[in-house]
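S.K.: Everything below, folded, please.
(one chain, ligands or ions: 1)
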Amino acid sequence: MNEEYNMPIPGEEFKEEVLNAYAPKLAKKRGRQIVVNKVEEGDAVPEILANTRTAPGIITMRGCAYAGCKGVVLGPTRDILQITHGPIGCAFYSWLTRRNKTRPTSPDEPNYMTYTMSTDLQEDEIVFGGEKKLMAAIDEAVALFHPKAIGIFATCPVGLIGDDVHAVARQAEEKYPGINVFGFSCEGYKGVSQSAGHHVANNKVFTDVVGLNDTAKPGKFRVNILGEYNIGGDAFEIERLMAACGFTLHSTFSGNSTYDEFTSAHTADLNTVMCHRSINYLAEMMESKYGIPWFKVNFVGAEATAKSLRKMAQFFGDPELIAQTEKVIEQEMVEVSKVRDDVKSRCDGKTALNFVGGSRAHHYQEILKEIGVTTVVAGYEFAHRDDYEGRKVIPTISVDADSRNIEELKVEPDTTRYSPRITAEDKAKREAEGFAFSDYRGMMADMPDKTLVIDDCNHFELEVLIDMYKPDLVCAGIKEKYIVQKRGIPMKQLHSYDYMGPFAGFKGAINFYHEIDRLLNSNAFKFVKAPWDSAPELTATYGVNA
Ligand code: CFM
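M.R.: Numbering: from 1, shown residues only. Predicted coordinates:
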């Protein structure tokens, strides 16, 4: 049903090429993770295997559960003091390398993001236990910073030696009444990827933070944004637009956010979900407990931004809000269209590979399309089948031992605070008119037929893709960046945006168009020759045999 993309090499041919290099058992598994797209009636797409373990030895693009919990979901909050219980490296590498920004409202407001706090576990603690050191770290943190809340994050060794971060959190709360201390069992190995850490983070934020304070922020049309992490200033641009349209942004989970905004987030009237993968759990649980409806939005790309703002205005149905939103879109689109058309004249017809975590591989296809760049191969590092095929497949997703490892909370309506923001009849009526609630249609429905979808792509496969499809642009992460660039292919990091941003909203779209224009139309990359093409391969022998 979707337009067909005429791939230079059929996807099946690529599949055969890479699967041949694998041992039979792995080839069988990878065969189910590499899919040639075809969209049928009702957005039905082929099934893809996702959210399963990466085979040992493969250089995966994935990260760990700790990264998903501390780095991704909680990291962008500025005033929850976050202690990594573990070796120093885990804390160091989760220290703002994702470029999540924040903007305290005054110089006195706490901002712990400029620090990284760790218990710096040593061999002694690995042998004798590290809980005392954790408590000492909390004592030190309280004495120095007097935080409202402390999050403790477990790393792999902590899980292996059996330190109980939750017990220490409870002791700390007794010792320091008034400080909310909570632990996360987000040991790196907890799941098959970051995704497990997202779920752990969602659960704890839901049980220990959201709902503690019933004071609503003043204002009309009160909205939370879930799954927006303010990379390169994205949230600042979204905040600007929301204010201009007349929405009240109550809290963002978790770009440019504070603890107090989280505690009262349940007072908002609408949850919008930007990154479905990392935060759909919280949206679902807040709906069950408090009656807040949610729907998916996307602020990457000018069209997507306009569509999302319109949908939000339509949800509230206020004529003034709708008119003001239209006015903002119209004003913003003047400059957007000008730059887009100019950039498109130079980028039209180019191709891209797009491999990002769990939502950007989808979102960035739309913005690339705006300047005429087609994503011929895309994949998520760690998303689930619903992010590929749409939420309609959730009932058919098989639960394995790894996913069972993460607690699925049973959530009941709050006895006093459950209040459905719209009636069941109103919701049904709107749904009949095509207004989708609690839904995500997934990436594949938006991709042309015959394009390739690859889950948990690895470095070997990326190299074969580049050889076979000769893309004009590769979008991926830091681990991929240098191999791609050394081959003379422009590469854009879509995790940290390298040194740029914002890319969200209208001004962000303009930034992105310019950046892709510079990358695709600069001559510099044409002069790059991969060092391994001219220099002999290095060989060596073990010293002991010399
Ligand atoms: Fe969501 Fe994200 Fe992403 Fe993600 Fe990530 Fe990220 Fe990502 Mo890097 S929360 S899934 S775990 S949109 S850090 S801000 S860019 S892999 S595609």
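
S.K.: residue boundaries of the helices in the stretch 251-400 of the chain?
M.R.: 259-263, 276-290, 302-316, 319-347, 360-370, 385-389 (DSSP state H, counting those that start in this stretch).

S.K.: can you redo those as a markdown table with distance to K486, mean neighbour count and mean pLDDT?
M.R.: In this view, the C-beta of every residue, glycine as well, is placed from N, C-alpha and C. Shown next, in a markdown table, are those (distance: least, CB to CB, whole Å; neighbours: other CB atoms under 10 Å; pLDDT from 0 to 100):
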| stretch | distance to K486 | mean neighbour count | mean pLDDT |
| --- | --- | --- | --- |
| helix 259-263 | 43 | 22 | 98 |
| helix 276-290 | 30 | 23 | 98 |
| helix 302-316 | 33 | 20 | 98 |
| helix 319-347 | 23 | 16 | 98 |
| helix 360-370 | 23 | 23 | 98 |
| helix 385-389 | 30 | 25 | 98 |
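
S.K.: can I get those helices in a markdown table with distance to F503?
M.R.: Formatted as a markdown table, the helices of the stretch 251-400 of the chain follow (distance: least, CB to CB, whole Å):
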| stretch | distance to F503 |
| --- | --- |
| helix 259-263 | 23 |
| helix 276-290 | 17 |
| helix 302-316 | 11 |
| helix 319-347 | 13 |
| helix 360-370 | 7 |
| helix 385-389 | 20 |
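
S.K.: Make a markdown table from those helices and add distance to the ligand to it.
M.R.: Putting the helices of the stretch 251-400 of the chain into a markdown table (distance: least, CB to the nearest ligand atom, whole Å) gives the following:
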| stretch | distance to the ligand |
| --- | --- |
| helix 259-263 | 17 |
| helix 276-290 | 4 |
| helix 302-316 | 14 |
| helix 319-347 | 22 |
| helix 360-370 | 4 |
| helix 385-389 | 8 |
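
S.K.: of all the ones you listed, which lies closest to R30?
M.R.: helix 385-389 (15.4 Å; CB to CB).

S.K.: and the next element down the chain from the closest one?
M.R.: Next helix or strand after helix 385-389 toward the C-terminus (DSSP states H and E): helix 401-404.

S.K.: what angle do the following helix or strand past that next one and helix 302-316 make?
M.R.: Note on helix 401-404: by DSSP H and E, the next helix or strand toward the C-terminus is helix 424-432. Between helix 424-432 and helix 302-316, the angle comes out at 150 degrees (axes from the mean of the first three to the mean of the last three CA atoms, to 10 degrees).

S.K.: contact partners of the helix or strand just after helix 424-432?
M.R.: Next helix or strand after helix 424-432 toward the C-terminus (DSSP H and E): strand 452-454. For strand 452-454, the external contacting residues (CB atoms under 8 Å, 6 or more residues apart in numbering) are 7, 11, 14, 33-37, 48, 355, 376-379, 388, 443-444, 447, 461.

S.K.: picking that back up, wait, which of the helices of the stretch 251-400 of the chain is closest to V209?
M.R.: helix 259-263 (4.8 Å).

S.K.: Show me what that closest one is packed up against.
M.R.: strand 248-254 (3 or more CB pairs under 8 Å, 6 or more residues apart in numbering; DSSP states H and E).

S.K.: Relative to the whole chain's centre, how far out is the strand it packs on?
M.R.: From the chain centre to the centre of strand 248-254 is a distance of 16 Å (CA atoms, centre = their mean, to the nearest Å).

S.K.: what angle sits between that strand and helix 276-290?
M.R.: Using the same axes, to 10 degrees: strand 248-254 against helix 276-290 is 120 degrees.

S.K.: Could you check strand 248-254 against the ligand for contacts?
M.R.: No. Shown here: strand 248-254 not in contact with the ligand (CB under 6 Å from any ligand atom), separated by at least 9.7 Å.
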